[in-house]
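*Asks:* here is a sequence with its predicted model. Questions after.
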Amino acid sequence: WMQISLLIQSTLVVVFFLGLPLVVVALNHEHLGSLAYGLIVTLLFLAAVEAKMIFVKRKIVKSSYRKARQTAAASVPEVGASFNHDVSQEPVEAEDTREAQGVA
């Protein structure tokens, strides 16, 4: 879901932070005068902040994939691993329960 979020956020930044506002400013440049440059700078600043957020999200996704691979690799038992169970380490309550059930 993070990758979908990255895609949607990237699309929204390009369309709504850069594309449409810059087209509107360019079409109304004569009416806006020097205010158009302020709007362009503000839009570029907002787009830069969003780009930084996208970059951080991408690093989080890469980090989670790397951590998942490491966890998966660590959880695979080594060849020849032993799964012996020491019965003498069982809790005392287990013996009481077996006696109550009539199991010797």
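*Replies:* Sure thing, it's come through. This structure is a prediction, so every number in the text was calculated from the model and none was measured.
*Asks:* so which elements touch the helix or strand where G38 lies?
*Replies:* Following DSSP states H and E, one finds G38 within helix 35-75. Using 3 or more CB pairs under 8 Å, 6 or more residues apart in numbering; DSSP states H and E as the contact criterion, the elements in contact with helix 35-75 are helix 2-12, helix 20-27. In short, each C-beta sits where N, CA and C put it, glycine included.
*Asks:* residues touching Q3, list them.
*Replies:* V61 (CB atoms under 8 Å, 6 or more residues apart in numbering).
*Asks:* go again with 10 Å.
*Replies:* For Q3, the contacting residues are K57, R58, V61, by CB atoms under 10 Å, 6 or more residues apart in numbering.
*Asks:* which residues does the closest residue to M2 other than its chain neighbours contact?
*Replies:* Leaving aside its sequence neighbours, M2 sits nearest to V61 (CB to CB, 6 or more residues apart in numbering; 4.8 Å). Counting by CB under 10 Å, 6+ apart, V61 makes contact with M2, Q3, S5, L6.
*Asks:* if we can go back for a sec, what's the closest of the helices and strands packed on helix 35-75 to L43?
*Replies:* Closest approach to L43 among these is made by helix 20-27 (5.1 Å; CB to CB).
*Asks:* what's the angle from the closest one to helix 35-75?
*Replies:* 160 degrees (axes from the mean of the first three to the mean of the last three CA atoms, to 10 degrees).
*Asks:* which helices and strands does the helix or strand that helix 20-27 is followed by pack with?
*Replies:* Once the chain leaves helix 20-27, the next helix or strand it forms, by DSSP H and E, is helix 29-32. Applying 3 or more CB pairs under 10 Å, 6 or more residues apart in numbering; DSSP states H and E, one finds that helix 29-32 contacts helix 20-27, helix 35-75.
*Asks:* show me what the shortest one packs onto, helices and strands only.
*Replies:* With contacts taken as 3+ CB pairs under 10 Å, 6+ apart, helix 20-27 sits against helix 29-32, helix 35-75.
*Asks:* 7 Å instead?
*Replies:* Judged by 3 or more CB pairs under 7 Å, 6 or more residues apart in numbering; DSSP states H and E, helix 20-27 is in contact with helix 35-75.
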